[in-house]
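Undergrad: The following block contains a protein sequence and its predicted model.
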Amino acid sequence: MSGILLEVCIDDLAGLDAAIAGGVDRIELCSALALGGLTPSLGLMEVAGTFDIPCHAMIRPRAGDFVYSEEEIEVMLADIAAARTAGLAGVVLGASLPDGRLDSFVLETLAKAAHGLDLTLHRAFDLVPAIPEAVEIAVRLGFARILTSGRAATALDGLDDLKQAIALAGARIAIMPGSGISPGNAARFLDLGVKEIHASCSVPAEPCAGKVEAFGFGLPSARRTDSATVAALKTALGGTGSLGQA
């Protein structure tokens, strides 16, 4: 790998293949990216575990906020165990209190269950009222990185908060910008000093037609991972895309 590490989120096998063909460095494995990413199926985790590239499973049992019940936490613990059994390199997780602060108790419970796996704190971080407290919690609990858009809708809009998080993190934890990053704006992030970038590298998919559309089996605005976009973003970040090498 050269340049900034590129992580791409995918939610199906075609996306996994496209990301690898484009030269991605790491995969965030999800289902339902249209909902911000939910826990992938056991089958997809097991297939991803056969690839040489590091794959991290999103651990998010439902759409919506990150305030979880005891029953939902039990589901998340089981999903972490499934990711480990599937041979994945890491997991991506987060948990909030009702006021948006990180739920350090739940996070510690999940982090202990994930011991030995690479840990990413997801964009629950973008709901926190105070960045310094959240960074310290993530460091204390042993997270390797924080995925964040700088508490804004896109990483471009959150540049000031990203800079604050990066300064607070120092060498203790990586800050990985994500949301809305593309080959066209990647240069805006090169001066931040980050070592990792997160993106979807997706393009609009062909809409469903016929009975599939009529019965509501497809999303009206579906997107798909695009290998050419992965390769272009990797190049923009100072690396070399490997388009065509699946």
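TA: Okay, I see it.
Undergrad: Give me the buried positions along the longest helix belonging to the chain.
TA: With DSSP state H applied, the helix covering the greatest number of residues in the chain is identified as helix 70-85. With burial defined by 16 or more other C-beta atoms under 10 Å, the residues of helix 70-85 counted as buried are 73, 76-77, 79-80, 82-84. For every residue, glycine as well, the C-beta is placed using N, CA and C.
Undergrad: same question, stretch 147-155
TA: Counting neighbours by 16+ other C-beta under 10 Å, one finds that the buried residues in stretch 147-155 are 147-152, 155.
Undergrad: do stretch 134-148 as well
TA: In terms of neighbour count (16+ other C-beta under 10 Å), stretch 134-148 has its buried residues at 134-138, 141, 143-148.
Undergrad: So which of these sit within strands?
TA: Taking DSSP state E, the ones among these that sit in strands are 145-148.
Undergrad: Throw these into TSV and include pLDDT, thanks.
TA: Formatted as TSV, these follow (pLDDT from 0 to 100):
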residue	pLDDT
Arg145	98
Ile146	98
Leu147	98
Thr148	98
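Undergrad: CA atoms of the longest helix of the chain as PDB?
TA: These are the backbone C-alpha positions of helix 70-85, laid out as PDB (Å, rounded to 0.1, in the frame of the first residue of the first chain):
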ATOM      1  CA  GLU A  70     -30.100  -4.800  26.700                       C
ATOM      2  CA  GLU A  71     -31.600  -7.200  24.200                       C
ATOM      3  CA  GLU A  72     -30.000  -5.300  21.300                       C
ATOM      4  CA  ILE A  73     -26.700  -5.400  23.000                       C
ATOM      5  CA  GLU A  74     -27.000  -9.200  23.300                       C
ATOM      6  CA  VAL A  75     -27.600  -9.200  19.500                       C
ATOM      7  CA  MET A  76     -24.500  -7.100  18.900                       C
ATOM      8  CA  LEU A  77     -22.400  -9.400  21.100                       C
ATOM      9  CA  ALA A  78     -23.500 -12.400  19.100                       C
ATOM     10  CA  ASP A  79     -22.700 -10.500  15.800                       C
ATOM     11  CA  ILE A  80     -19.200  -9.700  17.100                       C
ATOM     12  CA  ALA A  81     -18.700 -13.400  17.800                       C
ATOM     13  CA  ALA A  82     -20.000 -14.200  14.300                       C
ATOM     14  CA  ALA A  83     -17.500 -11.800  12.800                       C
ATOM     15  CA  ARG A  84     -14.700 -13.400  14.700                       C
ATOM     16  CA  THR A  85     -15.800 -16.900  13.700                       C
END
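Undergrad: So what touches the helix or strand just after that helix?
TA: Along the chain past helix 70-85, the next helix or strand (assigned with DSSP states H and E) turns out to be strand 90-93. Contacts made with strand 90-93 from outside it, assessed by C-beta atoms under 8 Å, 6 or more residues apart in numbering, are listed as 28, 54-60, 76, 80, 83, 107, 110, 114, 117-122, 144, 147.
Undergrad: hmm, which helix or strand of this structure has the shakiest average pLDDT?
TA: Among the helical and strand segments of the chain, the one scoring lowest on mean pLDDT, DSSP states H and E is helix 210-214, with a mean of 64.
Undergrad: which element follows that helix toward the C-terminus?
TA: Remark: after helix 210-214, the chain's next helix or strand is strand 223-225, criterion DSSP H and E.
Undergrad: Report the separation between the residue nearest the centre of the chain and Leu237.
TA: With distances taken as C-alpha atoms, centre = their mean, the chain has Glu28 as the residue nearest its mean C-alpha position (4.9 Å). Per C-beta to C-beta, to the nearest Å, Glu28 is found 16 Å from Leu237.
Undergrad: so where's this structure shaky on pLDDT?
TA: Judged against pLDDT under 70, the low-scoring parts of the chain cover residues 1-2, 207-209, 211-221, 240-246.
Undergrad: List just the nearest of the ones in strands among the buried residues of stretch 134-148 to Pro129.
TA: The shortest distance between Pro129 and any of those, using C-beta to C-beta, involves Thr148 and amounts to 14.1 Å.
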